[in-house]
Structure formats: C-alpha cells, structure tokens
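# Got a predicted structure plus its sequence, pasted below:
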Amino acid sequence: MESLPVPSVQAMVAATGGAHVPARYLRPEVAADAVVSNGEAAMPIIDFEKLLHPDESRGESARLHEACQEWGFFQVWSTLDAYSAAVKNVADRLLVIMSKNLGLQPEVIANKCVDALQSVRMNCYPPCAQADKILGFSPHSDADLLTIVLQVNEIQGLQVKRDDDTWVPVQPLEGAFIVNVGDVLQIFTNGRYRSVEHRAVVDTERERMSIAAFHSPSIHATIGPLSELVADQEMTMYKTVDHESFLRFLFSAKLDGKSLLQRMKL
Ligand SMILES: O=C(O)CCC(=O)C(=O)O
Ligand SMILES: [Fe+2]
C-alpha cells in the first residue's frame, strides 16, 4: 500500500522544530477536551509477580478483573524477576547436561553456583544509514559461565567469530534463545569448552534489541581449571583466582576481544 503524498512529518519537525504546523494538522477541539490529572483516575497497574504468587494472586486477580471491566486498559508491572528466574533455570539445566558430557559430577559446578551471580543487559541498537562503517557492540567474549540471549525482534545483528577470522551472522529463530559459553566455563574446563568472540552489527533502517542474561558462579567461588577436568600430565592452562579478583581483572580491562582470558593464561 502506498502512503499518502504528504511531506514527511519528521523532516518538517527537523527543519522547523515544530514552530510551523500546517493547517491540516491543527485540531481545535483538543483545547476544549477535558483532560483530568493523573491522580485518582490513574489507570490500574497490575503486578505480574503478585498475579502469579500463591498468596497474593487472589487480590491481584480481582484487581485485574476490575480493570478489565472498568477501564479495558491496564499496565502490567513486572520486574525482570520472572524472566531472570526462567533463564536461570535454562542455564542451570544446560550446565547439568554439560557437566555429564564432560564426565563431571554435576555438583562440582552446581556447588560453585549456590548464590550464583546473575545480571541482565538490555541492548538497543538504533539504525544507522552508514551501518557498514560502525559496530553496535565491539568484539568481545563474555566473562561469565553461560550467557543466554533473547533476540527481541527478528533483525539480525549478532555475529560470531570463527577460527579463520570470518564472522558468522546468527539467524534469529522465533522463540529460541542464543546461548554462549563464557570465559569462566572455558577456564573451568581448562579450555575444552570455548568462549568465543562475538560482536553486533546494526541495521541500516531498523532498530534491533536483545536481552542478554549472564550467569556466573557465586562471588565466593574460586575461578580456575576444575581439578577433575585437568587430566594427569595435562597442562593447566589458566591461573586460579578468587572471583572478586577475577571481576577486578574484568573491570580493569577494556572491552577488547579476549584480553581477560589472555590475562588468566599461565
Ligand atoms: O546483541 C546481541 O545479540 C549480543 C549482545 C552481547 O553480546 C552482550 O550483551 O554481551
Ligand atoms: Fe556478549
């Protein structure tokens, strides 16, 4: 469908700052409309966690019911708790299966993850007309155990570096997470599992968004090759440090490829 042949509003605002509004956009009735203040008549806000909580769900679902009848509109408030818990569950289960694959008792990693650290980063990449000259995210590897990334929209952007220095774009699959091994897992496995550099490019026209959830061991866990995974005669590839020192390494290094792992090398 073709759009109406009118001048672009964005271009017009950019040119005049909105100082001149063409007559076709003027709406005299707006001045006469009553707009009440956002006080008593505020739209209901439903707390999603309460809605799912066994003890609080009754009250909150009653409010939801009322909102649907009275307003037909409501806002749902949700901390990222539900999301974080869901992705943590995925990470924990993957780590159990990875442990089995490595011939490792699952408790070895699980014990290091009692009171695991988790952080979530929302990435937003605005479009850029000169997308081929810039990067949305510099090449880096993640400093955690496992990262679980949700591509919020279908726009491609994440690229993974292969051994021949080529970059492979990751095709977003609807409903799928992208999971990557982080530096800590590479260190735990003495290099068997690979924490690989990746980067994000941007689109020329469309904004892209992703949510990355980073799963790390407890702050009290030591970070170093797991003795169970260093075979007799095998060389230990990395230092063993406490988690706090590891994080200090991380925050003192700039986002630069795999420099953190280089610094952990023996
Ligand atoms: O935007 C992406 O797909 C990846 C983001 C990422 O690598 C990160 O947040 O560490
Ligand atoms: Fe990353």
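Received the coordinates, thanks. Ligands and ions are numbered 1, 2, ... in the order given.
# and P106, how far is that from ligand 1?
26 Å (Cβ to the nearest ligand atom, to the nearest Å). Where C-beta positions appear, they are placed from N, C-alpha and C, glycine not excepted.
# Tell me if I'm right that that residue and K100 touch.
Yes: between P106 and K100 there is a contact at 6.8 Å, judged by Cβ atoms under 8 Å.
# These two - which one has more neighbours?
Shown here are P106 and K100; by other Cβ atoms under 10 Å, P106 has more neighbours (15 against 11).
# Show the backbone phi and psi for that one.
Dihedral angles of P106 (phi, psi; degrees, to the nearest 10) stand at phi -60, psi -30.
# quick one, what contacts it?
Contacts here follow Cβ atoms under 8 Å, 6 or more residues apart in numbering; on that basis P106 touches L95, V96, S99, K100.
# confidence score at it?
Note on P106: pLDDT of 93.
# What's the first helix or strand after the lengthiest helix in the chain?
For the chain, the helix with the greatest residue count under DSSP state H is helix 81-101. Later in the chain than helix 81-101, the nearest helix or strand by DSSP states H and E is helix 106-112.
# Does whatever residue of the stretch 1-150 of the chain ends up closest to ligand 1 lie in a helix or a strand, and which?
Across the stretch 1-150 of the chain, the shortest distance to ligand 1 (Cβ to the nearest ligand atom) belongs to N123, at 4.4 Å. In the assignment (DSSP H and E), N123 maps to strand 117-125.
# who in the stretch 51-200 of the chain is up against ligand 1?
Counting by Cβ under 6 Å from any ligand atom, the stretch 51-200 of the chain comes close to ligand 1 at R121, N123, F137, D142, V149, G157, L158, H198, A200.
# and those residues, which of them are in strands?
Residues of those located in strands (DSSP state E): R121, N123, F137, V149, L158, H198, A200.
# neighbours around G224, how many?
Neighbour number of G224 under other Cβ under 10 Å is 21.
# Leaving out sequence neighbours, find the closest residue to it.
T240 (2.6 Å; Cβ to Cβ, 6 or more residues apart in numbering).
# quick one: contacts for the one you found?
T240 touches T222, I223, G224, P225, counting by Cβ under 8 Å, 6+ apart.
# can I get those residues in TSV with distance to ligand 1, secondary structure and pLDDT?
TSV is the format used below for the contacts of T240 (distance: Cβ to the nearest ligand atom, whole Å; DSSP: H, G, I helix; E, B strand; the rest coil; pLDDT from 0 to 100):
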residue	distance to ligand 1	secondary structure	pLDDT
T222	24	strand	96
I223	19	strand	97
G224	23	coil	97
P225	24	coil	97
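# Scan these and report the most crowded one.
I223 (25 neighbours).
# so that residue makes contact with V241?
Yes: I223 is within contact range of V241, at 5.7 Å (criterion: Cβ under 8 Å).
# Give me the common contacts of those two.
M264.
# ok so, going back, what's opposite the residue of the stretch 1-150 of the chain closest to ligand 1 in the beta bridge?
S210 (DSSP bridges).
# got the residue ranges for the strands in this structure?
Using DSSP E, strands in the chain cover 45-47, 75-77, 117-125, 137-140, 146-151, 158-161, 167-169, 177-181, 198-200, 208-216, 222-223, 241-242.
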